[in-house]
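Visitor: Show me how the following folds:
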Amino acid sequence: MIRIRQHTGKIAASLGALLAVALTTAALFIRHNTTYWPRARRRLDRAGFVEKSVLIDGAKINYAQGPANGPPLLLIHGQMVDWTTYMRVLPELAQHFQVYAVDCYGHGASDRAVDRYSNVAMGRDLTSFLRTVIAEPAFVCGNSSGGLLSIQIANEAPELVRKLILEDPPLFSSLHPRFINTAGYDLPRIAHEFVNSTETDFSAYYVKHSAFIGLFGDLAPTMIRGALAQRKQRPTQPIGWWYMPPAMNEMFRVLDQYDPRFGEAFYTGVWHADFDHAKALAGLTVPTVLIHANWQLDDTGTTLVGAMDDREAARAAELIDDVDFRRVDAGHTVHFDKPGLFTDILIEVAEN
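Guide: Next comes the predicted model:
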């Protein structure tokens, strides 16, 4: 009887220790998922980043500027986010460059300049930003649609671009009719439907209608209900899920600052007016690094999940005269998914 009690006591103690570890791990997991942004913001402040704004032909461009620790580097984000999408790489980059990270029109604190929602018009304004604010040749790096803008800048003013870094841009895949069979089409489709509806809360509308949320299968209804309940209780706060990692929540953190009319420009094709992908790539005269991230087809085998498939990436690389092609094992936002890999590439590019 004594031995049984001793064994029972040991088992209870072991179970108690395991429970304590599980609870601690869960608490750390939740804390990591729900407080990553305030912690990242403090790191940006310590690294010396300051937010500023400038008027370019009457429209405001908001941007963050880092300390002068090296040659200038212009960072241009993709859709649905703002300059803070680079939070994981900015402190390290600030030790090697003077970083300028902009909010594109229709994002963050920049103006909703609807008449400039095209690659040519916005690219010209960013060229003016480079010429007047940075005022010297810079490394120019753009992710996704920001990569398309970077190409426009390099063709507008090649003398102002030291090197061009294209971070997984949707070359050829974002053109109609091909665009319809990509995961990237989901946001512009929803944006178009929202703009032509009587709805007023785009974040809630996106959650309810996004095919992306549907990828979570049986969990999707729970995610949608939770998000809509959040909006009802805290309508001015961004949508987030405590059980989702920062990479997921980051998509929604600044969604309230996104202008769906920007997405509609991709839906209608207005974004690509006078911007021929093949001609633009063939016209590049500056050294260019083309980063191609992971991609796959959906379960039906018809929809591209990613920015480019291998054939589109190869075609883009062949058209660029002076290209350094990098196939990387990372998600579409390489700077957020694999920050160390991203900073290594940029530092190497600058040193070479």
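
Visitor: Compute the number of surrounding residues for residue 322.
Guide: 12 (other CB atoms under 10 Å). Any C-beta I mention is one placed from the backbone N, CA and C, and that applies to glycine too.

Visitor: so it sits right up against residue 286, yeah?
Guide: Yes - counting by CB atoms under 8 Å, residue 322 touches residue 286, with 7.3 Å between them.

Visitor: what's the distance between residue 243 and residue 217?
Guide: Using CB to CB, to the nearest Å, residue 243 is found at 15 Å from residue 217.

Visitor: How about residue 156?
Guide: 45 Å.

Visitor: and if you look at residue 239?
Guide: From residue 239 to residue 217 the distance is 19 Å (CB to CB).

Visitor: between those two, which one's more packed in?
Guide: More neighbours surround residue 239 than the other of residue 239 and residue 217, with 21 against 7 (other CB under 10 Å).

Visitor: What distance do you get for that one to residue 148?
Guide: From residue 239 across to residue 148, the span is 27 Å (CB to CB).

Visitor: Likewise for residue 202?
Guide: For residue 202, the distance to residue 148 (CB to CB) stands at 23 Å.

Visitor: the more surrounded of these two?
Guide: A side-by-side neighbour count of residue 202 and residue 148, using other CB under 10 Å, places residue 148 first with 24 against 18.

Visitor: part of a strand, is that one?
Guide: No - counting by DSSP: H, G, I helix; E, B strand; the rest coil, residue 148 falls outside a strand, being helix.

Visitor: how about the nearest residue to it, chain neighbours excluded?
Guide: Sequence neighbours aside, residue 119 is the residue nearest to residue 148 in space, at 5.2 Å (criterion: CB to CB, 6 or more residues apart in numbering).

Visitor: Contacts only, for that neighbour.
Guide: 145, 148, 149, 152, 271, 272, 273, 275 (CB atoms under 8 Å, 6 or more residues apart in numbering).

Visitor: taking the residues you listed one by one, which sit in helices?
Guide: Under the assignment DSSP state H, the contacts of residue 119 contribute 145, 148, 149, 152 to helices.

Visitor: Please tell me which one of those counts the most neighbours.
Guide: residue 149 (28 neighbours).

Visitor: quick one: that one and residue 126 touch, right?
Guide: Yes - Residue 149 is in contact with residue 126 according to CB under 8 Å; the separation is 5.9 Å.

Visitor: what's the burial count for residue 310?
Guide: The burial count for residue 310: 10, using other CB under 10 Å.

Visitor: what do you get for residue 333?
Guide: Residues contacting residue 333 under the criterion other CB under 10 Å number 24.

Visitor: and it, what pLDDT?
Guide: Per-residue confidence (pLDDT) for residue 333: 96.

Visitor: which residues touch it?
Guide: Residue 333 touches 78, 81, 85, 143, 144, 167, 168, 247, counting by CB under 8 Å, 6+ apart.

Visitor: and those residues, which are buried?
Guide: Among these, those buried by neighbour count (16 or more other CB atoms under 10 Å) are 78, 81, 85, 143, 144, 167, 168.

Visitor: mind putting those in TSV, pLDDT included?
Guide: Listed next are those as TSV, based on pLDDT from 0 to 100:
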residue	pLDDT
78	97
81	95
85	96
143	98
144	98
167	98
168	98
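
Visitor: and residue 132, how far is that from residue 100?
Guide: Going from residue 132 to residue 100 by CB to CB gives 12 Å.

Visitor: can you check residue 294 too?
Guide: Separation of residue 294 from residue 100 (CB to CB): 28 Å.

Visitor: Compare these two and say which one has the larger neighbour count.
Guide: Taking neighbours as other CB under 10 Å, residue 294 and residue 100 compare with residue 100 leading, 22 against 16.

Visitor: For that one, name its beta-bridge partners.
Guide: Counting by DSSP bridges, residue 100 is bridged to residue 65, residue 74.

Visitor: Please tell me how far it sits from residue 315.
Guide: 31 Å.

Visitor: again, but for residue 162
Guide: Taking CB to CB, one finds residue 162 at 25 Å from residue 315.

Visitor: Am I right that residue 256 is in contact with residue 238?
Guide: Yes - using CB under 8 Å, residue 256 is in contact with residue 238, at 6.3 Å.

Visitor: if I look at these two, which residues touch both of them?
Guide: Common contacts of residue 256 and residue 238, defined by CB under 8 Å, 6+ apart, comprise residue 203.
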